[in-house]
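*Asks:* 3D model of this:
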Amino acid sequence: SDIDVMRLERVQENCNRLGISCASTVSADDLPSPDEKKYNRVLVDAPCSNSGVMRRRVDVRWRISKEEISALHQTQFELLQKAAA
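*Replies:* As a prediction, this is how the structure comes out:
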């Protein structure tokens, strides 16, 4: 799932090109409710907070605030909860 429709289209095009028929793309806003559809596996491409690379990428420390990191963590958690439901 993603919020960027163009990325979703690109992923679907790549799946078609590679002959992958067992994958489907879904907008993060249009995730089905837990009662609607069940999946065997779910890949979540959650937005990255860059917190794991702050040591190597010093600019991240000044580019992103603690509040933004907290908001990203919340978004990541919510996406994982929806995917696991």
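
*Asks:* please point out which parts of the helix-or-strand element of the chain with minimal mean pLDDT sit buried.
*Replies:* Sorting the helices and strands of the chain by mean pLDDT, DSSP states H and E puts helix 59-63 at the bottom, at a mean of 75. Neighbour counts over helix 59-63 (16 or more other C-beta atoms under 10 Å) mark residue 60 as buried. In this view, the C-beta of every residue, glycine as well, is placed from N, C-alpha and C.

*Asks:* equivalent analysis for stretch 53-73, please.
*Replies:* 60, 72.

*Asks:* for the remainder of this discussion, apply numbering that starts at 545.
*Replies:* Understood, numbering begins at 545; the last thing we discussed is stretch 597-617.

*Asks:* and it, how far out from the chain's middle?
*Replies:* Averaging C-alpha positions (C-alpha atoms, centre = their mean, to the nearest Å) puts stretch 597-617 18 Å from its chain's average.

*Asks:* for it, measure first residue to last.
*Replies:* Using C-alpha to C-alpha, to the nearest Å, one end of stretch 597-617 lies 15 Å from the other.

*Asks:* quick one: residues in contact with it.
*Replies:* 591-595 (C-beta atoms under 8 Å, 6 or more residues apart in numbering).

*Asks:* how close does residue 612 get to residue 598?
*Replies:* 13 Å (C-beta to C-beta, to the nearest Å).

*Asks:* again, but for residue 605
*Replies:* Separation of residue 605 from residue 598 (C-beta to C-beta) stands at 6 Å.

*Asks:* where are the low-confidence patches of this structure?
*Replies:* Counting by pLDDT under 70, the chain has low-confidence residues at 545-547, 572, 575-582.

*Asks:* which stretches in it count as helices?
*Replies:* With helices called from DSSP state H, the chain shows them at 549-562, 603-607, 610-628.
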